[in-house]
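Novice: build me a structure from this.
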Amino acid sequence: MSTVTAADAANKSTQTFITAFVTGLIVAGAYLVAFLILKNRFRKIYNPRTYLVEPKKRIDPLPSGFLSWIPAILKADATQIISSNGLDAYVFVRFLYLMIEIFLPFMLVTWIIIIPVDAAASKGTNTGIEKLTFGNVGLSQTPRYAAHLIIVWLLTFWVFYLIKRELAAFVILRQDFLLSREHQQLPQSRTVLVTGVPKEFLTVEALTKFCSVLPGGVKRVWVSRKLQDLPDLYSRRMKACGKLESAETKLLKTAAKAILKATKKTGAVAPSAADIEADPSIIGQYVSVKDRPHHKLGFLGLWGKKVDSIDWAREEIAETNKLLDAGHEVFAGPSAQDKYPAESAAFIAFNTQLAAHMFAQCLAHHAPLRMSARYVEVDQEDVVWSNLSINPYQATVRYALGWAATIGLIILWAFPVAFVGLISNVSSLCISVKWMAWLCKLPTPVNGIIQGALPPIALAVLFILLPIVLRLFAQFEGIPLRKEIELSLMTRYFLFLVIHGFLTVTLASGLVAAIPSITKNPSSAVTLLATKLPSASTFFLTYFVTTSLAGASGGLLQIVALIVYYVKLFILGSTPRAVYGIKFTLGYVAWGTLFPNMTLLTVIGLTYSVIAPLVCGFAFLAFGLFWFTYKYLFLWVYAAPSSSETGGLFYPKAMSHIFVGLYIEQVCLAGLFFLAQDENKKNIAIPQGAFMVVLIVLTILFQLTMFSGYEPLFSYLPLSVADRIEGATEPLLASPTDRAEISDEEKKADTFPPPPRTSGEGLIRSPPSADSQRSDLDPNAFDHPASYEKQRTIWIPEDVHGLFKFEVDATKASGVDVSSVGAVMNEKGTVDVTRSPPGDFWAEDM
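Specialist: Numbering: from 1, shown residues only. Prediction:
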């Protein structure tokens, strides 16, 4: 029988928090020191946006001083993120700043009022940091619950105000972004993808006539077609191109090493370029037939016929080139409809941005589900081509199946996550379960590591594969755009995190803490669980500490990116194309997973803000550090592909996640109030519980009112901004001079966050240009690449001995396009590049 008391368990919980806090400080300090040492030595990792992007998007390097970089980041204009990385990145940093605005007042108010109410002469029985929780209010001190009620009402209305302000500001920000001169010149700004198109409209002429009633009419229409074997041939060719580049580079590298070895061993002179030209077969003297690159044609190259990789790839590319060229000729000719019939989707490029947004939100067809799914702001690189053939009825069934699979996965995931929750409260578990009593006898630091450090790590491992599976579920539904898949992933992943990363862990931890009393008096299970629930806050305190200190400082150091960069460069950088990708492409983030991880912290902070006020301080610290880190990353490090830009649509979803935190907080407090009893076992806080129910109703009404009013403005441009759209021939509204004047404060673009505005003028609007409506729109802009793209130029390096010339000539002779421009290989076989692959854009000063 264990002699460890509940007080000892509470002390261990305190020690757990202290251990996690000290460990976090040590890790953060080590990361920070490493960052200070490395930031000026590895420009590619810590300052790539100072030279690896087009000149107009570059930023000045950070100061090289020991600490001068800190005020430089703090003072940097965050609105620069819009021009450098898009609105998605900006609203993410803005969301982090919003959390600072929420949790700073929360911390001040709860620490000044609620902590003394919970801890000072409250006659509670808790010890350690659990003394600073709602559960420490003694049975004879229940009138103190009035303080919790008043504070939660005040703080909730503070959140209401901020959400209202942010929704209003976001609408203006998004409109300014979409109406900026740079964005209006992109074809995607005026292009709509429509699915479920009836057969009678699946021609260019029919759709052009159908949309002619819209302002400006249609510029061009691309009807999606069933391309038969063209996509498979395209994939075969791309695979063969990659294989040929790899094999050619490997051959040259093998020859270079053999020549170097021979010259060192015999002292012979390495062959010159003249020798190579006189005898092209000289490469065979250094690389035997068996040493040439080979591979097997079976699954993953594990079995099957063994072939010479270079000869096979050349033949494969030549064959697929011939077949694809024939297919391209048919696709562009009059018989295209016969061989490649139209599917149920089309891309429509309008002459004006206004027409695109009008078409995207109007009722397009009289039949159910027909032409109902329309997506504006479409980029070719963002399209999931395989999903364009899914009709509306299939999409409806797939949607139901996709969400059924998601819900099923949530249910199955509960078991391993609940186990993690048990570990997080092992100090109570070792008292409750006899055979685990030995855990209480472990040294205090060891116990602290077990229940402080291990649970967050275990949760991270559990959730690491989830986004991959959830993305597959979203794609299975038939969503045709990758950005829409990310938006769907954000909802699914957040649901998972809240249920398993928060609620399951909370209930499991609270249940463990209540086990001793429940076993003695089972009828008191509900009451005891409610009173013990605040004890689960210890786990989330350690979670905030681990996440904020290690996560934010790790984001600055980017140790994984640094290691992976050099591992890839020296181990995986085997071809010029691979070296270019490693040296010249910049990293970015996956919004579908990054946003939910931050909004989960919001939910945890809001839920425990009054129940365990200590959380507020660490939430403020976490969001402050993350704001600083991501502001730096998006200004100096990351580069967002324009094809994935949603125009900030993740932000309204993040706002809705804040309401989830409010609801959980309010329901928990209502339950605690209704279950609270005095020393006479009388429910003493029924009025407080009733007021919480009223607050829940008010929160629901506020959310419905806000989103019903603002939601249509999140996705589409209204008619009231028609006079700001380039290419409009007749103004649909009064001139800008007839509208409200803009205040000096509203014109400021150097504040963060920008103040809410009431006029229609934009923060980043540029003057319209007469030539913005380009007539040279790519005729294949929204065709499947397999229907028109020529073979990618094979890129091999120029070795110092000139052996590459023979390989270039032999490859060209087989009918394959090849080039060595901008790629070199030294005498040791190391590849380097000085520009982008042939045919790709390259600025000479990059």
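
Novice: tally of neighbours for D783?
Specialist: 21 (other Cβ atoms under 10 Å). From N, CA and C alone the C-beta is placed, and that goes for glycine too.

Novice: for it, what are its contacts?
Specialist: W222 (Cβ atoms under 8 Å, 6 or more residues apart in numbering).

Novice: do you know the pLDDT at it?
Specialist: Note for D783: predicted pLDDT of 93.

Novice: and what of the one 10 residues further on?
Specialist: Note for T793: predicted pLDDT of 95.

Novice: what's the answer for K583, then?
Specialist: 88.

Novice: that one: neighbouring residues, count only.
Specialist: As a burial measure, K583 scores 17 neighbours (other Cβ under 10 Å).

Novice: OK, contacts around it?
Specialist: Per Cβ under 8 Å, 6+ apart, neighbours of K583: K44, L569, V833.

Novice: how close does the second one get to V637?
Specialist: Yep, that's L569 we're talking about. 18 Å (Cβ to Cβ, to the nearest Å).

Novice: the first one now?
Specialist: For K44, the distance to V637 under the criterion Cβ to Cβ works out to 10 Å.

Novice: the more surrounded of these two?
Specialist: A direct count of neighbours by other Cβ under 10 Å for K44 and V637 places V637 higher, at 22 against 18.

Novice: just checking, that one touches L586?
Specialist: Yes - at 7.0 Å, V637 counts as touching L586 under the criterion of Cβ atoms under 8 Å.

Novice: who touches both of the two?
Specialist: Common contact partners of V637 and L586 (Cβ under 8 Å, 6+ apart): P48, R49.

Novice: relative to A578, how far out is R292?
Specialist: 20 Å.

Novice: in terms of neighbours, single out the busier of those two.
Specialist: For R292 and A578, the more surrounded residue by other Cβ under 10 Å is A578, and the numbers stand at 20 against 17.

Novice: in which helix or strand would I find that one?
Specialist: Element membership of A578 [criterion: DSSP states H and E] is helix 576-584.

Novice: what of I102?
Specialist: Short version, using DSSP H and E: I102 is in helix 87-109.

Novice: chain center to the longest helix anywhere in the chain: distance?
Specialist: When the chain is parsed with DSSP state H, its longest helix is helix 230-266. Averaging C-alpha positions (Cα atoms, centre = their mean, to the nearest Å) puts helix 230-266 35 Å from its chain's average.

Novice: the residue nearest to K199 when sequence neighbours are not counted and Q361, how far apart?
Specialist: The shortest distance from K199 to any non-neighbouring residue, by Cβ to Cβ, 6 or more residues apart in numbering, is to A342 (7.9 Å). In this view, A342 and Q361 are 25 Å apart by Cβ to Cβ.

Novice: other SSEs contacting the helix holding I102?
Specialist: Secondary-structure packing of helix 87-109 (3 or more Cβ pairs under 8 Å, 6 or more residues apart in numbering; DSSP states H and E): helix 80-85, helix 145-179, helix 591-608, helix 614-632, helix 650-675.

Novice: would you mark the buried spots in the last one?
Specialist: Taking 16 or more other Cβ atoms under 10 Å as the basis for neighbour counts, the residues of helix 650-675 that come out buried are 650-655, 657-666, 668-675.

Novice: quick one: name whatever helix or strand follows the lowest-mean-pLDDT helix or strand in the chain.
Specialist: The helix or strand of the chain with the poorest confidence is helix 744-747; it has a mean of 42 (mean pLDDT, DSSP states H and E). Using DSSP H and E, the next helix or strand after helix 744-747 towards the C-terminus is strand 794-795.

Novice: before we move on, the earlier item: burial measure for the residue nearest to K199, as a count.
Specialist: 18.

Novice: what residues are up against it?
Specialist: Counting by Cβ under 8 Å, 6+ apart, A342 touches K199, L202, T203, V223, S224, R225, K226.

Novice: now G647
Specialist: With contact taken as Cβ under 8 Å, 6+ apart, G647 is in contact with G86, L87, D88, R174, F177, L178, E377.

Novice: verify the contact between the fourth one and G648 for me.
Specialist: This means R174. Yes - using Cβ under 8 Å, R174 is in contact with G648, at 5.2 Å.

Novice: overlap of the contact sets of those two?
Specialist: Contacts common to R174 and G648, judged by Cβ under 8 Å, 6+ apart, are L87.

Novice: out of the helices and strands packed on helix 87-109, which comes closest to L324?
Specialist: L324 lies closest to helix 591-608 among the helices and strands packed on helix 87-109, at 33.6 Å (Cβ to Cβ).

Novice: who does the closest one touch, helix- and strand-wise?
Specialist: With 3+ Cβ pairs under 8 Å, 6+ apart as the test, helix 591-608 has helix 87-109, helix 466-476, helix 482-496, helix 537-545, helix 614-632, helix 650-675 packed against it.

Novice: again, only using 6 Å
Specialist: Applying 3 or more Cβ pairs under 6 Å, 6 or more residues apart in numbering; DSSP states H and E, one finds that helix 591-608 contacts helix 482-496, helix 614-632, helix 650-675.

Novice: and the last one, what other elements does it pack with?
Specialist: Contact analysis of helix 650-675 by 3+ Cβ pairs under 6 Å, 6+ apart lists helix 525-532, helix 591-608, helix 686-715 as its packing neighbours.

Novice: so the second one versus helix 614-632, what angle?
Specialist: Here helix 591-608 runs at an angle of 150 degrees relative to helix 614-632 (axes from the mean of the first three to the mean of the last three Cα atoms, to 10 degrees).

Novice: hmm, back to that, could you dump the helices and strands packed on helix 591-608 to JSON lines with mean pLDDT and distance to P368?
Specialist: Shown next, in JSON lines, are the helices and strands packed on helix 591-608 (pLDDT from 0 to 100; distance: least, Cβ to Cβ, whole Å):
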{"stretch": "helix 482-496", "mean pLDDT": "95", "distance to P368": "22"}
{"stretch": "helix 614-632", "mean pLDDT": "95", "distance to P368": "44"}
{"stretch": "helix 650-675", "mean pLDDT": "93", "distance to P368": "28"}
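
Novice: turn these into TSV, including distance to I410.
Specialist: Putting the helices and strands packed on helix 591-608 into TSV (distance: least, Cβ to Cβ, whole Å) gives the following:
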stretch	distance to I410
helix 482-496	6
helix 614-632	25
helix 650-675	15
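
Novice: so which of those helices comes closest to G327?
Specialist: helix 482-496 (25.5 Å).
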